[in-house]
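>>> need a structure here:
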Amino acid sequence: MAKTNASYETIFVVDLRLGEEVVKSVVEKFTALIASNGEIVEVNEWGKRRFAYPIDDANEGYYVLVSFTAPAAFIAELERIYHITEGVMRAITVKKEV
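Just a heads-up that it's a prediction; the model follows:
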């Protein structure tokens, strides 16, 4: 059976307290990771946004939304890397219905 790619969207929030260079490098790291394991449809950097409630004593974060296609097995690895990367405050990946 051939591997088929599904459409996904992921959004992640980077801690602004780490500095502008670190934020930029984290965004580049994840867009490169997704591009190497799938095909990016669109990268939408929402930029600095205020939280509805404090997360780890921070009131703001840098939001990035990425639409992409990839094999289902990649999603678990992407989530694992989100959890172990310093500076990623929150992240979620959802499968898009076609």
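
>>> Quick one: mean pLDDT over the helix or strand where A32 lies.
According to DSSP states H and E, A32 maps onto helix 20-37. For helix 20-37, the mean pLDDT works out to 95.

>>> could you pull out the helices for this structure?
For the chain, the helices defined by DSSP state H occupy 20-37, 72-84.

>>> Quick one, grab the pLDDT at the closest residue to T69 other than its chain neighbours.
Leaving aside its sequence neighbours, T69 sits nearest to N5 (CB to CB, 6 or more residues apart in numbering; 4.3 Å). Heads up, the C-betas are built off the backbone N, CA and C, glycines and all. Listed pLDDT for N5 reads 86.

>>> Isn't N5 up against A73?
No. N5 lies out of contact with A73 (CB atoms under 8 Å); the separation is 10.7 Å.

>>> Show me which of the two is the more surrounded one.
Neighbours were counted for N5 and for A73 using other CB atoms under 10 Å; N5 has more, 14 against 9.

>>> Spit out the contact partners of that one.
Taking CB atoms under 8 Å, 6 or more residues apart in numbering as the criterion, N5 is in contact with 38-39, 69-71.
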